[in-house]
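Visitor: Predicted structure and sequence below. I'll ask about it afterward.
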Amino acid sequence: MRILVIGGAGYIGSHVARAFLDHGYAVTVFDNFQTGLRENLFDDALFVHGDIMRADQLRAAMAGGFDGCVHLAALKAAGLSMLQPEIYAEANIAGTINILNQASAAGISRVIFSSSAAVYGAPQYLPIDENHPTEPENFYGFTKLEIERLLNWYDRLKGMRYGAIRYFNAAGYDVPGRIQGLELNPENLLPIVMETAAGIRPKLSIFGDDYPTRDGSCIRDYVHVSDLAEAHVSAFEYLLQHDQSITVNLGSQTGVSVFEMVERARAITGRKISAEVTGRRAGDPSELVASSLKARELLGWVPKFSDVDTLIASTWKMYEKFVNR
């Protein structure tokens with residue numbers, strides 16, 4: 001079967017493309033390299049250089065015929081989305097409308113969408129399941145929720161079945177080391193810890209140590225990017241088998257604190273990793289943990305690489321090359 005992976009040269013997208021290739025799919029990657037990297041392209045996949053803001057480029061790419069597409073192309077910096085909502089509205093929402101319209105015109109009736117736990121906002125209960133109220137606290141989360149609503153309408157009006165996959169904290173790298181490019185401008189904890197370990201930055205900031213958690217630092221749910229990628233394949237196959245749209249959370253269902261992550265990284269890397277506790281950041285909830293029961297039940301999804309040690313070790317393999325440069 002043929003699958004189009006839009007945004008397939010990016011951090012998550014390259015792992016998704018690799019997973020589909022590993023399952024025997026014929027993969028075409030569509031990317032504009034705004035955040036994707038040429039190093040993340042595979043010899044056994046086709047590549048189309050294009051931008052989702054160009055309907056003509058999408059139309060040309062989709063003309064060859066595909067059984068489905070995966071949509072991962074988006075701006076994702078939550079803080080920046082609050083400062084430049086117009087850019088996020090255009091790239092995320094208008095760009096998605098282009099994708100859906102061209103997919104519909106090309107007869108592509110199955111779409112896997114890269115959504116986010118940001119659609120939920122502050123947790124009203126834990127663990128967060130798919131029935132949790134959706135009240136995003138940043139514009140980025142709003143764009144993801146609006147896209148899910150668009151998908152629901154295209155399902156009802158166009159028969160376009162979708163899988164909306166709400167990620168929690170994606171982390172780690174392909175364990176066999178087949179992904180070559182580092183994520184550009186990472187903002188999440190683990191790559192910042194690794195940058196500090198490698199000497200790229202002098203120290204990392206820990207935003208608050210007085211939260212009502214087991215050690216005072218924030219707790220988050222980290223899921224290995226390869227486990228995420230496998231879920232995209234499973235979700236697509238679910239659409240093929242059941243002809244029914246789904247929305248699922250993806251998380252490890254295990255919370256890891258900032259202090260725990262840093263201490264384990266020190267042990268695994270053998271590096272000092274200087275850290276400084278600073279004040280809390282506005283809008284940071286003390287704890288975010290997913291319920292992935294629905295993904296387990298519907299997709300048979302079981303994370304294989306989302307333990308803390310594998311997350312850290314697979315990431316360190318990408319960063320240790322910078323030591324002593």
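Guide: Structure received. Numbering: from 1, shown residues only.
Visitor: Quick check: buried residues in the longest helix along the chain?
Guide: Ranked by residue count and defined by DSSP state H, the top helix of the chain is helix 139-158. Residues 139-148, 150-151, 154-155 are the ones in helix 139-158 that count as buried (16 or more other Cβ atoms under 10 Å). Glycine gets a C-beta too; all of them are placed from N, C-alpha and C.
Visitor: Then stretch 305-321?
Guide: Of the residues in stretch 305-321, 305-308, 310-316, 318-319 count as buried by neighbour count, 16+ other Cβ under 10 Å.
Visitor: And stretch 41-56, by the same measure?
Guide: Applying 16+ other Cβ under 10 Å to stretch 41-56 flags 41-42, 45, 47-48, 50-52, 55 as buried.
Visitor: Just the ones of those residues in strands?
Guide: Using DSSP state E, 47-48 are the members of those that sit in strands.
Visitor: for the buried residues of stretch 41-56, which one is nearest Val223?
Guide: Set against Val223, the nearest of the buried residues of stretch 41-56 by Cβ to Cβ is Phe42 (22.5 Å).
Visitor: got the contact list for the longest helix of the chain?
Guide: 74-78, 81-82, 85, 88-89, 92-93, 96-97, 100, 104, 109, 111, 113, 115-116, 118-121, 134, 136, 160-162, 164, 245, 247 (Cβ atoms under 8 Å, 6 or more residues apart in numbering).
Visitor: Report the buried members of these.
Guide: 74-76, 78, 81, 88-89, 92-93, 96, 100, 104, 109, 111, 113, 115-116, 118-121, 134, 136, 160-162, 164, 245, 247.
Visitor: Which of those fall within helices?
Guide: Using DSSP H, the buried ones among the contacts of helix 139-158 in helices are 78, 81, 88, 96, 100, 104.
Visitor: Have a look at these and tell me the least confident one.
Guide: By pLDDT, Ala78 ranks lowest within those, coming in at 89.
Visitor: which ones are touching that one?
Guide: 118, 138-141.
Visitor: Including pLDDT and distance to Thr254, could the residues you listed go into JSON lines?
Guide: Below are the contacts of Ala78 laid out as JSON lines (pLDDT from 0 to 100; distance: Cβ to Cβ, whole Å):
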{"residue": "Ala118", "pLDDT": "95", "distance to Thr254": "20"}
{"residue": "Asn138", "pLDDT": "94", "distance to Thr254": "25"}
{"residue": "Phe139", "pLDDT": "95", "distance to Thr254": "29"}
{"residue": "Tyr140", "pLDDT": "95", "distance to Thr254": "25"}
{"residue": "Gly141", "pLDDT": "95", "distance to Thr254": "23"}
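Visitor: which pair in those residues spans the largest distance?
Guide: Maximum distance among the contacts of Ala78 (Cβ to Cβ): 9.7 Å, for Ala118 and Phe139.
Visitor: check contacts around Arg38.
Guide: Counting by Cβ under 8 Å, 6+ apart, Arg38 has contacts 9, 181.
Visitor: For it, give me the pLDDT.
Guide: 97.
Visitor: Now do the strands in the stretch 151-300 of the chain.
Guide: 161-167, 169-171, 204-207, 219-224, 246-250, 255-257, 275-278 (DSSP state E, counting those that start in this stretch).
Visitor: Kindly export the fourth one (C-alpha atoms) in CSV.
Guide: Coordinates of each C-alpha in strand 219-224 appear next as CSV, following Å, rounded to 0.1, in the frame of the first residue of the first chain:
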residue,chain,number,x,y,z
ILE,A,219,5.9,15.3,36.5
ARG,A,220,5.3,14.5,32.8
ASP,A,221,4.4,11.5,30.8
TYR,A,222,7.1,10.7,28.2
VAL,A,223,6.5,8.3,25.2
HIS,A,224,9.3,7.1,23.0
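Visitor: Which elements pack onto that strand?
Guide: Counting contacts by 3 or more Cβ pairs under 8 Å, 6 or more residues apart in numbering; DSSP states H and E, strand 219-224 packs against strand 169-171, strand 255-257, helix 258-269, helix 308-319.
Visitor: Turn the ones you listed into a markdown table, including mean pLDDT and distance to Ala290.
Guide: As requested, the helices and strands packed on strand 219-224 are arranged in a markdown table below (pLDDT from 0 to 100; distance: least, Cβ to Cβ, whole Å):
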| stretch | mean pLDDT | distance to Ala290 |
| --- | --- | --- |
| strand 169-171 | 96 | 9 |
| strand 255-257 | 97 | 9 |
| helix 258-269 | 98 | 17 |
| helix 308-319 | 98 | 15 |
